[in-house]
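**Student:** Mind looking at a prediction? Sequence and model below.
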Amino acid sequence: MRSPRLNDERGMALAMAIFALVVIGALVAGTFFTGQMEQRTGRNSVYAIEAAQAAEAGSPLVLSDWDQFNLNNLPGGDSLILPVQTMASRITYKPTVTRLNPDLFLIRTLGTRTAANGTVLAQRSVGTLVRLMYVTANAKAAVTVSKPIKFNGNAYQLIGNDSVPAGWGTDPTCTTSGDLAGIRSDTTTGATSQDADNIFGNPPEVPYDPTITNDFFNIFGDVTFDELKTSADIVLTDGGPFTGVAPTVTGAIPQRCNLANTMNWGEPRRGAGSISQCYNYFPIIYESGPSLKLTTGRGQGLLLLEGDLEIAGNFEFTGLIVAKGGIKLNGNGNKITGALLSMDVAIDDLNSISGNTTLQFSSCALNKAIQGSAFAEPFSARSWVQLY
């Protein structure tokens, strides 16, 4: 039998080396591929998380600055797409608010992470179900105070008989209820027999009302005074005096109610000469200082004060006024339609009403102001859902 010679096995080392190189190359390529895939997967996960975080930021933003004018007047079933917001470099979110029924809204937010060239790398969408929060108007009189009022002159009027604001009669939702008192007080009202011709209602006055407590001026159903002020559309700090509060419109066509003007408190008038674009604007106005002085102007909505209120002539307001301090109303042409609540006394240690001043109770004015100034809050349970 012939034995193989050694020279017949020449080249095996090269073949084995090539095979080994192929195997090693495959292993290295596989490792690189796996690493690249893991890197891409990790990067995509980061992009997805960034998009999800952006989407989750939309609802708090909308709720913290709830647009009462545009959202509360949104027809049922309609949606309002809000401007795109930038959260960080190449991370944006776009909220859309849809009205489901008179009280419920769905906030959908699309979060997007893009590349430097604008290519979309990841998107996530989150939905939040919210409901409107309304003030419960506890007012049972044109004026409610915790201390007596000093009445001067014979030109003022406190009218508890429910009425529709002048010019609002064409609104089918504006109705009246039963007549209430002209003034209610925790102590004496301050009215004397000679003031009987100036105070009207059923009854004209109610002194020593046990329902008038601190909570009466701070808790309004499910909403507190502090919650209302955090939702204020207009925040004042210097106390005035403010002259010329009046509705204004934007310069651009079509003209809209100018919400950027802090001296625009809506339009309480109707008819010729009124600003129709601001009929449905009922802002929450909050004065954080010790006092607020107003003269010559008009507005509507909810007016909240930490301190005193002084109205010095030719000022009209329709809606609800809550002053934690005292009130001083003097001069001519003052008219408050709705209700005025005054918790305490700080102006000269005395509440006072004088001059040609009219305070008229109106459930219609209160309801319109409450509905128009309502703000939204998420449901306490199951309000949030990831859409995709």
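**Tutor:** Received, thanks.
**Student:** pretty sure D195 is in a helix, no?
**Tutor:** Yes: applying DSSP: H, G, I helix; E, B strand; the rest coil, one finds D195 inside a helix.
**Student:** Now do the helices in the chain.
**Tutor:** Assigned by DSSP state H, the chain shows helices spanning 12-64, 68-72, 225-230, 363-372.
**Student:** residues of the second one that come out buried?
**Tutor:** Neighbour-count burial for helix 68-72 flags 68-72 (criterion: 16 or more other Cβ atoms under 10 Å). Backbone N, C-alpha and C define where each C-beta goes, glycine included.
**Student:** again, but for the third one
**Tutor:** Counting neighbours by 16+ other Cβ under 10 Å, one finds that the buried residues in helix 225-230 are 225, 228-229.
**Student:** cool, the last one as well?
**Tutor:** Applying a neighbour-count criterion of 16+ other Cβ under 10 Å, one finds 363-372 buried in helix 363-372.
**Student:** what does the domain assignment say about this protein?
**Tutor:** 50-134+375-386, 141-372 (automatic domain parsing).
**Student:** Next, format the ones you listed as a markdown table and append distance to L14 and mean pLDDT.
**Tutor:** Putting those into a markdown table (distance: least, Cβ to Cβ, whole Å; pLDDT from 0 to 100) gives the following:
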| stretch | distance to L14 | mean pLDDT |
| --- | --- | --- |
| domain 50-134+375-386 | 47 | 89 |
| domain 141-372 | 82 | 92 |
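**Student:** out of those domains, deepest packed?
**Tutor:** domain 141-372 (a mean of 19; mean count of other Cβ atoms under 10 Å).
**Student:** before we move on, the earlier item: turn the helices of the chain into CSV, including distance to N258.
**Tutor:** Converted to CSV, the helices of the chain look like this (distance: least, Cβ to Cβ, whole Å):
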stretch, distance to N258
helix 12-64, 21
helix 68-72, 11
helix 225-230, 23
helix 363-372, 16
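**Student:** Let me know which of these is the nearest to G201.
**Tutor:** Judged by Cβ to Cβ, the one of the helices of the chain that comes nearest to G201 is helix 363-372, at 13.2 Å.
**Student:** Dump the closest one to CSV, restricted to CA.
**Tutor:** Extracted C-alpha coordinates of helix 363-372, given in CSV (Å, rounded to 0.1, in the frame of the first residue of the first chain):
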residue,chain,number,x,y,z
SER,A,363,-78.9,85.8,37.7
CYS,A,364,-78.4,86.0,33.9
ALA,A,365,-75.3,88.2,34.3
LEU,A,366,-73.9,85.8,37.0
ASN,A,367,-74.6,82.7,34.9
LYS,A,368,-73.0,84.2,31.7
ALA,A,369,-69.9,85.3,33.7
ILE,A,370,-69.6,81.9,35.4
GLN,A,371,-70.0,79.9,32.1
GLY,A,372,-67.7,82.2,30.2
